[in-house]
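Novice: below is the structure, and that's it, no one-letter string:
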């Protein structure tokens with residue numbers, strides 16, 4: 001699942017995000033969502049979130065539960 005729809009993302013969800021400094025390389029950072037920072041329902045580049053460890057980035061994908 002991609003991270004473009006705000007309704008798919010909630011605190012406690014495990015996601016892969018792209019940090020601002022990693023936008024060129026596309027390096028992903030995995031973590032647990034703490035806060036949703038994008039207020040719109042949809043964002044083409046991904047909903048911006050803050051992880052529990054304080055890092056901020058746009059959701060590239062949602063980690064699927066097995």
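Specialist: That came in fine, so what should we check first? Given the structure is predicted, the values throughout are model-derived calculations rather than measurements.
Novice: let me see the ranges of the strands in this structure.
Specialist: 14-19, 29-36, 48-51, 56-62 (DSSP state E).
Novice: got those strands as TSV, with distance to residue 5 columns?
Specialist: C-beta here means a position set from N, CA and C on the backbone, and glycine is covered the same way. Putting the strands of the chain into TSV (distance: least, C-beta to C-beta, whole Å) gives the following:
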stretch	distance to residue 5
strand 14-19	13
strand 29-36	11
strand 48-51	13
strand 56-62	10
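Novice: now residue 31, which residues is it bridged with?
Specialist: With DSSP bridges as the criterion, residue 31 is bridged to residue 15.
Novice: for it, list the residues it contacts.
Specialist: 14, 15, 17, 51, 52, 53, 55 (C-beta atoms under 8 Å, 6 or more residues apart in numbering).
Novice: could you flag which of the residues you listed are buried?
Specialist: Neighbour-count burial (16 or more other C-beta atoms under 10 Å) applied to these gives 15, 17, 51.
Novice: which single one of the residues you listed is nearest to residue 64?
Specialist: residue 15 (10.7 Å; C-beta to C-beta).
Novice: where's the closest one relative to residue 4, distance?
Specialist: 12 Å (C-beta to C-beta, to the nearest Å).
Novice: go on, residue 51?
Specialist: When residue 51 is compared with residue 4 (using C-beta to C-beta), they lie 18 Å apart.
Novice: I'd like the distance between the most centrally placed residue in the chain and residue 1.
Specialist: Using C-alpha atoms, centre = their mean, the residue of the chain that lies closest to the mean C-alpha position is residue 59, 2.4 Å off. Using C-beta to C-beta, we find residue 59 at a distance of 9 Å from residue 1.
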